[in-house]
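Novice: What shape does this take:
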Amino acid sequence: MPSFKIDLSTAVVFVATAPEPKMANKKTGERAVDRDTGAGLSTVGLLVSDEGEGNLYQVTIPETGYPEGLAPGMPVRVVGLKARDWENEFNGQKRHGISFRAVAITAAG
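Specialist: Sure thing, here's the model as predicted:
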């Protein structure tokens, strides 16, 4: 499925939740990895505020793409944020949504 770039040039972005390892299989504890680089993936919550509106995004990022010590409330810059829609079937029920992925997150200060 195609992905779409998200322009954050006028937005203010804060860490909402610290990065946590993304699991490929929660039952076995298998960590999700980037298919191209093999780097472990993490998920971080970001609060994006732009034009008077705030949204919370759960963003997947390679563990090599963010500095240690990211903590809630920190202002950050997001590099290469993309959105992609997805759909699957689980236990006979169709599910769908939008996933977010970034190349890197850096401190804004």
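
Novice: hmm, who's touching stretch 44-55?
Specialist: With C-beta atoms under 8 Å, 6 or more residues apart in numbering as the test, stretch 44-55 has contacts from 8, 10-20, 56-59, 61, 66, 70, 76, 78, 105. Backbone N, C-alpha and C define where each C-beta goes, glycine included.

Novice: pLDDT wise, what is the residue of the chain positioned farthest from its centre at?
Specialist: Of all residues in the chain, residue 92 has its C-alpha farthest from the mean position, at 27.4 Å, by C-alpha atoms, centre = their mean. In this model, residue 92 is scored at 89, pLDDT.

Novice: just to revisit the earlier point, got a PyMOL select line for the buried ones in the contacts of stretch 44-55?
Specialist: Those of the contacts of stretch 44-55 that count as buried under 16 or more other C-beta atoms under 10 Å are selected in PyMOL with:
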select buried, resi 8+11+13+14+15+16+19+57+59+61+66+70+76+78+105
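
Novice: Contacts only, for residue 58.
Specialist: Counting by C-beta under 8 Å, 6+ apart, the residues that residue 58 touches are 43-45, 100.

Novice: hey, what's the spatially most central residue of the chain bridged with?
Specialist: By C-alpha atoms, centre = their mean, the mean C-alpha position of the chain lies nearest to residue 59, the distance being 1.0 Å. According to DSSP bridges, the partner residues bridging residue 59 are residue 44, residue 100.

Novice: measure it to residue 78 for me?
Specialist: Separation of residue 59 from residue 78 (C-beta to C-beta, to the nearest Å) stands at 7 Å.

Novice: Then residue 7?
Specialist: From residue 7 over to residue 78 the distance is 11 Å, taken as C-beta to C-beta.

Novice: give me phi/psi at the nearest residue to residue 61 once chain neighbours are set aside?
Specialist: Of all residues beyond its chain neighbours, the one nearest residue 61 is residue 102 (4.9 Å), with distances taken as C-beta to C-beta, 6 or more residues apart in numbering. Torsion angles at residue 102 (phi, psi; degrees, to the nearest 10) stand at phi -130, psi 160.
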